[in-house]
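Need a 3D model of the sequence below.
(2 chains)
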Amino acid sequence: MLFAVIMMNTFGVSGNLMSLGALDFGLIVDGAVIIVEAVMHQITHNKKFAGLTRITQQQMDEEVNESADRMMNSAVFGQVIILIVYLPIFTLQGIEGKMFKPMAQTVAFALLGAFILSLTYIPMMSAVFLSKKIKTEPGFSDRIMDKLAKKYRYALERVIGHPKMILMSVLILFGSALYLFTTLGGEFIPALEEGDFAVDTRVLTGSSLTTTIENTTKAAHILKTQFPEVLKVVTKIGSGEVPTDPMPMEASDMMVILKDKKDWTSAKTFPELSKKMGEALEEVPGITAGFQFPVQMRFNELMTGARQDVVCKIFGEDLDTLALYAKKLGVMVNQVEGTKNLYVEAVSGMPQITIHYNRSALAQYGLHISAINKTVNTALAGQSTGMVFEGEKRFELVVRLSGERKKNLEDIRNLLVAAPNGTQIPLYQLAEVKIQDGPKQIQREDAKRRIVVGFNIAGKDVQTIVNELQAKVNQNLKLPTGYYITYGGSFENLNAAKQRLMIAVPVSLLLIFVLLFFAFNSVKDGLLIYSAIPLSAIGGIFFLALRGMPFSISAGIGFIALFGVAVLNGIVLVAEFNRIRKEEQKDIKQAVLEGTQHRLRPVLMTAFVASLGFFPMAISNGAGAEVQRPLATVVIGGLLVATFLTLFVLPVLYLFFENGFKFKMNGKAKLVSVLIPAMLLLNHANVFSQNKIDLKTAQELALANNQNLKTEKLRTQYQTAMIKTAVVLPQTGVQVEAGQINSFYTDTRFNITQSLSLPVVYVRQKTLLQSELSASVLNVAVRENELRRNVAQVFYLFLYQKKKEELLISLDSLYAGFYQRAQQRFEKGESDILEKTMVETQLADIRTQRQQLESDIVLSRLQFQLLLNTQDNLEPELHGNLYNQVAVPDSANIENHPQMRFLSQQQQIAAANIDVEKAKLLPQINVGYNNMSMRGTGADDRTYGSSQRFQSGQIGVGIPIFTGAQKARINSARISQDISRQSYQAGAQMLKSQYLSALTEYRKFLTTVHYYETSGLKNAALITITANQQLAGGSINYLQWVQLINHAASIRSLYLDAVMSLNSKAIELNYYLQN
Amino acid sequence: MLNKIIGIAVSNKLIIGLLVVALICYGSYELTRLPIDAVPDITNNQVQVITVAPSFGATDIERLVTFPIEQANSNISGLKEIRSFSRFGLSLVTIVFDDATDIYWARQQVSERLLKVQTIIPQGIGTPELGPISTGLGEIYQYVVRPKEGYEHRYNETDLRTIQDWIVRRQLLGVKGVAEVSSLGGKLKQFSIEIDPQKLLSYNITINDVFTALENNNQNTGGAYIEKGPTVLYIRSEGLVENLDDIENIAVKSLADGQPLFIRDVADVKTSFATRYGAMTYNDKGEVSGAVVMMLKGANSSEVIKNVKQRVAQIQKTLPEGVVIEPFLDRTKMVNNAIGTVEKTCLKGH
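Residues are numbered from 1 along each chain as shown, chains lettered A, B, ... in the order given. Take a look at the predicted model:
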């Protein structure tokens, strides 16, 4: 800022509305924003500092350096582009140049300053003052951004899905914006409210000074007494001593000095006040009053030699002819809608006394015309003969005829002229003295006479009116040869400026493109970023139309500034896309999605900072705001729409540009590349099968992988997402109408309607959805609990089967050995066939059992894999005891069981549902807004143009009258509440009885297991040992031995069975006791 | 290169900080000096040539004054257009130059040509003069000189105009940045000798005799000095008329009987006012005098207005009792409004 001021002084640019008004802090801080953002991002996301909570100054310096370097290109580039965008303004000449060049200069200086500072000061400051703590907890803004980013990503993903639709709708939007643009009128510079009025007041041509004084005094009296806003009225009549402003005596400038706008009572705005005043002044007969602002009036006059907004000049030779055509033109002007304060220059019609000398009479008396002239001059005007000094003051000494003698024509006729012979001859004998109309004033331009027909504009834009008038004149007014009409005034400047901008804007756009090309080295990317320009124009045009503003140079400048920022955003995005693609080798879609996520913040920041900077300008009402308002409106509208569109359309376009046909192939390639490693992985897994796993890991694995559980979890997510549906606003109705709505003229109308329910409806719906969500969460808990139980069951079943297998294997080997011995003994004849056959059957029996067990094991393994949702051949492995005792509480709190909580939640859902259904009986509210033009003559006899907008609002209530169906629905909801209550009770009962039976069984099996452990197993071991000893000692025979061993084995087997049952019950108990 | 600059900036924090502080100081100083105005000055480069010819009609003015001036100036380099305006008693030629032309150079060119034109314009019509070096934004301060309430009858329009011309205007012209103070309204005081033609006839003299008598009897002269001892005495005659009596007592000629014929015998001598082409009124209270202060092209309006206001306050003290200078149009109001708007929007935007 200050830098800009220095430069302004150096280059002699004065501070004023235009130059200072254009300074948008948003644009200036853009560069700094980008850099600081980058530094912060770098610090928070850099993996180097993952573990640290504070970094040193040294590190900070490095970081700042690095990230500033990285972003500098974008920042510099953006600033250069904004500078280039302002270039066309420098090419403006004449008035428009003088108006807007200072602005462009100031902006350029400020940007230059910002540029230098963002290179030096900003990095320095961020190195010193940015918090060096590394934020791990996301702050408030981070959270908002995260949310936004999430939403945005979701929306973007959907948008990318329909590229064609998006492009089509954008094209349609652009087309309608273009159409709208052609309907907007043109205007040079909106008038600046100066705070006071200059009223161009005229009385009849040829009126005396006294008449003028009298009339203007009357007018001043009216203004002073009828309008409390008027502070004072000073009237300047005729011309001053230095007639830089040569007004005739019948013309006067009434300076109406007004109080501050806030103290006004008669009117709110300047146009309104001027209208009222003009009406009041109609009381004074014979005066016309045109309301303008003092400086505006002077400008108009100095620039074109006339005081009106539009000045038609007829050039020609003969004054009378000129006057005739001027009159005709005046009539035509009056026929054109929207003109006011018509002024036809009165060149003739000024009554004059002419003295026409009779040369023969002069000769008779020997008089010279010069002598008579001197007499006439002295007698009537008075002639100076020297000075009289009064101290320092000097006054003229004038000789003239005494006052009472020159009141009428007769006095002049009787004026005596001294003849050389000493006689005095009355003038009438020498000349014809008569009253005649003569030319009053002659204006010339470029050495030709001209006459001026001027008028001001009200309620319509200059361009349209002039076009209309021109058409009319060409049709109806045939000028003689050598005569021609030119049209001047403020619209001349608009045309000149338009022509210049027509050349300059494309040139600067081309420059931008060249720069873009250099930056990205790709025509494609350049074009892509270019798409931001029409996108932003859409918003600008719509907003202008919405606020009913015509296209002025101010608005044009606004568009220029807008393009700059829009392009900047495009650059930020596309650069990021390209970087991600290059560095991280991701496919395009991924790159786009990620890039938008990364850069969402800076894009939003630059756009919003810039538009917020202009916001007060757009809504301000103060003096000078007229000039800034269109500019600011365009920038804000354009940026809002452009940001939105860039964020969605640009990615789509990017995909479109980069892929086109390639996209599909890429997809296939990706699939293949994913498949191959996956298959490799599968093989790999098969080779190293049978990983050991303990119960806890298994359960965790199951919780993470189980398909059913995943479904339930997704359902929770679904419910979470559904909560957002609580506030359902029906579609906003937007209608644009054009046509003969009100009259013969084509009018446009915008209409926006929105219906919404009472807040309580939304609150209840939200409650319902939330309780459904908690039900779903509870359901997940139920499923988890079940899953844990099932995993445990299968786990222990598997273990049991393994143990059993071990037992069987040991028996198998025992019997196999025994079978060999039995066979030997049989062959030796030591035993009979019975023994051998018995052992044989025993062995076969065991083998069958083993086979059965093995297939059982396969089954449980499959089940296990299913539960854990894994391909791996996992092997349950026991740590600790084969079984665990369960701490059984005195009374089980069944109500807290997930199952019960789920059921009870169902009740709540039912209750909430009733509320929602009841709320649907509440009335709905409709709100609407209309904005339309009403061209033609309104009820107040004023003519309105297309730029005058009329607005209306609407609000309504929708009342449900036919409620039968809804009431039935409420009733059914009540019944379903009863159902849920009932099923809760039933569930509670069942759960309790299941729990109790499980508990009883558990206790039973516990005692069994205890028995086996305390005596059964020992006995079995004793039996086995004793049987082996006795067999070896020969005190028992083989048959007995087999019986004994079988007995022992069956004890072991029973023990295992009991443990198995115990475990199963314990698991169930745990399940029931799970809270 | 940019990277290096950043590197230097980050490592030399103190120096950058100091530079920034220096920048802020210098910038704040410059900010106070920044010329402030409401809108940019869009007036083109123009030189006005004004010729006042009080008693000639529009056609004559065009033919005799305007046309020669237009012709003479039609070939200056950098010329864009010439506009002219001829009316009863006034010729106004506006010569517009392109923006690159130096205004002082242009004025120089125009005045050189005007010297030549002067020989073409018949004597006695009027002398072309250049208008003030000011612009459309130049009318920065306008005021009325009016009697206070209760003093209305003590000062008439002529008194007010005299006060304006000889007290207020003269002092304001000396303010830096003021190009012109153009008086308006009131009545320009003159001493007028109103001749009764009947009396002239009866004494058999012509108006020309009266002129001759007046011209011959209203002058001072000097007689260098004489040496008187060690000192010198300067000599001067005092023949200027000083009041109405002096004028009345001028002899026109000696009558046949040797009696002198005085002006008072053929004419009424009184103070009156010049033919008026303009006036100024204040509210509905009647006529006053006043002026428009015009600023030099390119001056800083806020500064000039400040100076003008100071000077007006000074002048106010020296005015006769009951007369006040009251500004009615003051550019500061508009500037403050507009700049206020800008400031507000800027700050809000920030």
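
So which residues of the stretch 301-450 of chain A form helices?
Along the stretch 301-450 of chain A, counting by DSSP state H, counting those that start in this stretch, helices occupy A:319-335, A:359-365, A:369-380, A:409-413, A:427-430.

what's the closest of those helices to chain B?
With distances scored as C-beta to the nearest C-beta, the stretch of the helices of the stretch 301-450 of chain A nearest to chain B is helix A:369-380 (5.4 Å). No exception for glycine: its C-beta is placed from N, CA and C like everyone else's.

so what does the closest one touch, helix or strand wise?
In terms of contacts (3 or more C-beta pairs under 8 Å, 6 or more residues apart in numbering or on different chains; DSSP states H and E), helix A:369-380 is packed against strand A:350-357, strand A:393-401, strand A:416-418, helix A:427-430, helix B:207-216.

Need these in CSV (columns: distance to B:A224 and mean neighbour count).
Listed next are the helices and strands packed on helix A:369-380 as CSV, based on distance: least, C-beta to C-beta, whole Å; neighbours: other C-beta atoms under 10 Å in any protein chain shown:
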stretch, distance to B:A224, mean neighbour count
strand A:350-357, 50, 14
strand A:393-401, 26, 20
strand A:416-418, 41, 22
helix A:427-430, 49, 18
helix B:207-216, 23, 17
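
Of those, which shows the lowest average pLDDT?
For the helices and strands packed on helix A:369-380, the weakest mean pLDDT is recorded on strand A:416-418, namely a mean of 77.

Parallel or antiparallel, list what pairs with that one.
Applying DSSP bridges, strand A:416-418 is found paired with strand A:424-426 (antiparallel).

which one of the helices and strands packed on helix A:369-380 lies closest to B:V181?
strand A:393-401 (16.1 Å; C-beta to C-beta).

Show me what that closest one is packed against.
Applying 3+ C-beta pairs under 8 Å, 6+ apart, we find strand A:393-401 packed against helix A:369-380, strand A:383-390, strand B:189-195, helix B:207-216, strand B:267-273.

Pull the fourth one out as CSV, backbone CA atoms only.
Yep, that's helix B:207-216 we're talking about. C-alpha atoms of helix B:207-216 as CSV (Å, rounded to 0.1, in the frame of the first residue of the first chain):
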residue,chain,number,x,y,z
ILE,B,207,-20.0,64.7,-26.8
ASN,B,208,-16.5,64.7,-28.3
ASP,B,209,-15.9,68.0,-26.5
VAL,B,210,-16.8,66.4,-23.3
PHE,B,211,-14.4,63.5,-23.9
THR,B,212,-11.6,65.8,-24.8
ALA,B,213,-12.2,67.9,-21.7
LEU,B,214,-12.2,64.8,-19.4
GLU,B,215,-9.1,63.3,-21.0
ASN,B,216,-7.2,66.6,-20.7
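
which element follows it toward the C-terminus?
Once helix B:207-216 ends, the next helix or strand along the chain (criterion: DSSP states H and E) is strand B:221-228.

got the domain boundaries for the chain?
The chain I'm using is chain A. Listed by automatic domain parsing, the domain ranges of chain A are A:2-188+A:495-678, A:195-292, A:351-434, A:695-744+A:757-880, A:881-902+A:913-922+A:964-1075.

actually it's chain B I care about, not the one you picked
Chain B breaks down by automatic domain parsing into domains covering B:45-130, B:136-188+B:276-349, B:193-267.

and A:A114, which of these is closest to it?
Once the domains of chain B are compared by C-beta to C-beta, domain B:136-188+B:276-349 is nearest, at 14.8 Å.

residues touching the closest residue to A:G1016 other than its chain neighbours, list them.
Among residues not flanking A:G1016 along the chain, A:I1051 sits closest, at 5.2 Å (C-beta to C-beta, 6 or more residues apart in numbering or on different chains). Taking C-beta atoms under 8 Å, 6 or more residues apart in numbering or on different chains, we find A:I1051 in contact with A:1012, A:1016-1017, A:1019-1020, A:1023.

do A:L477 as well
Taking C-beta under 8 Å, 6+ apart, we find A:L477 in contact with A:325, A:328-329, A:332, A:485.

try A:N476
Listed by C-beta under 8 Å, 6+ apart, the contact set of A:N476 reads A:M332.

A:D260 now?
A:D260 touches nothing, counting by C-beta under 8 Å, 6+ apart.

how far away is it from A:G195?
In this view, A:D260 and A:G195 are 8 Å apart by C-beta to C-beta, to the nearest Å.

re earlier: who wins for neighbours among the contacts of A:L477?
A:L329 (24 neighbours; other C-beta atoms under 10 Å in any protein chain shown).

thinking it is in contact with A:G454, fair?
No. Using C-beta atoms under 8 Å, A:L329 is not in contact with A:G454; the gap is 10.5 Å.

that older thread, now the domains of chain B in JSON lines, please, with extra columns for distance to A:Q851.
Shown next, in JSON lines, are the domains of chain B (distance: least, C-beta to C-beta, whole Å):
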{"stretch": "domain B:45-130", "distance to A:Q851": "110"}
{"stretch": "domain B:136-188+B:276-349", "distance to A:Q851": "87"}
{"stretch": "domain B:193-267", "distance to A:Q851": "154"}
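
could you redo those domains as CSV and give each row distance to chain A?
Converted to CSV, the domains of chain B look like this (distance: least, C-beta to the nearest C-beta, whole Å):
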stretch, distance to chain A
domain B:45-130, 4
domain B:136-188+B:276-349, 3
domain B:193-267, 4
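
what's the residue of chain B found nearest chain A sitting at in phi/psi?
Of all residues in chain B, B:G27 sits closest to chain A, at 2.3 Å by C-beta to the nearest C-beta. When read as degrees, to the nearest 10, the backbone of B:G27 gives phi -60, psi -40.

How about A:E317?
phi -100, psi -50.

what pLDDT, on average, does the helix or strand in which A:D1057 is found get?
Using DSSP H and E, A:D1057 sits in helix A:1038-1073. Averaged across helix A:1038-1073, the pLDDT comes to 83.

Could I get the buried residue list for that helix?
Neighbour-count burial for helix A:1038-1073, counted by 16 or more other C-beta atoms under 10 Å in any protein chain shown, picks out A:1038, A:1041-1042, A:1044-1046, A:1048-1049, A:1051-1073.

Since that was my last question, I'll sign off now.
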